[in-house]
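Undergrad: I would like to see how this sequence folds:
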Amino acid sequence: MTVVELFSSQGCPNCPPAYKLLSDISKEDGILALNWPVDYWDYLGWRDDHARRAYSDHQRAYNQRLGEPGVYTPQMVIDGRLETVGSRRKAVVQKIGQARDLARQNIDVTLQESEEACFITLPDLENDERKIFVRAVFYRTETIAAISRGDNEGKTLNLTNLVRASLDLGPWSGDKEILSVPMIKATESGADHMAVILHADDENGPIIGAARIRLSSAGV
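TA: Modelled structure (predicted):
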């Protein structure tokens with residue numbers, strides 16, 4: 001599965017086309033599309049009420065590793081390996097193709113839901129010595145935002161796969177393991193899906209595995 005992460009802000013005048021592009025991409029097979037709202041444009045006249053400082057830090061960590069000076073919106077990061085302007089359809093499609101062509105071993109992750117928790121089954125990697133970090137991401141498929149101030153004043157934005165919460169589950173040893181995430185995390189965030197992303201090297205490293213599940217018991 002290819003992971004496409006959009007870093008955006010409701011106050012960013014160039015983000016509406018990126019929202020539409022991410023929505024289109026999310027319908028394709030084999031793609032996990034996520035919209036991470038960042039907080040560093042909140043001072044410009046419209047505060048993105050879904051933005052979190054941790055999401056901005058996630059973007060900064062990507063860009064530091066990718067050699068990008070600073071941060072910007074809209075930006076898309078593909079598999080934690082490649083980046084481009086998130087509103088440029090041709091460039092995004094090209095980067096997705098490039099990411100898929102990169103030689104790598106993807107790790108299969110299995111998700112199963114119960115009323116109390118979501119269980120993450122990680123396989124035995126058989127002496128794989130890579131450092132691998134596990135991240136759980138809770139997102140909502142559709143969110144509507146009506147903007148009354150700032151550069152997008154008067155617009156109604158359709159936000160696809162908006163990240164509502166993120167939980168670092170720490171390093172994984174590479175042995176077969178089952179992790180559990182309390183379902184209350186989804187309920188409190190208003191999410192209707194949970195994704196699990198595996199990062200190599202550090203918490204914001206290249207993505208080497210991903211899975212998602214619709215949360216039927218999330219209460220939304």
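
Undergrad: helix or strand right after the helix-or-strand element of the chain with minimal mean pLDDT?
TA: Counting by mean pLDDT, DSSP states H and E, the weakest-scoring helix or strand in the chain turns out to be helix 184-189, with a mean of 85. For helix 184-189, the following helix or strand on the C-terminal side (DSSP states H and E) is strand 193-200.

Undergrad: paired strands for that following strand, with orientation please.
TA: In the sheet, strand 193-200 lines up against strand 132-146 (antiparallel), strand 207-214 (antiparallel) (DSSP bridges).

Undergrad: among these, which comes closest to residue 43?
TA: Minimum separation from residue 43 across the strands paired with strand 193-200 (C-beta to C-beta) falls at strand 132-146, 18.0 Å. Where you see a C-beta, it was placed from the backbone N, CA and C, and this is true even at glycine.

Undergrad: show me which residues of the helix or strand following that closest one are buried.
TA: Next helix or strand after strand 132-146 toward the C-terminus (DSSP H and E): strand 156-172. For strand 156-172, a neighbour-count test (16 or more other C-beta atoms under 10 Å) marks 157, 159, 160, 161, 162, 163, 164, 165, 166, 167, 172 as buried.

Undergrad: swap in stretch 106-117?
TA: For stretch 106-117, a neighbour-count test (16+ other C-beta under 10 Å) marks 107, 109, 111, 113, 117 as buried.
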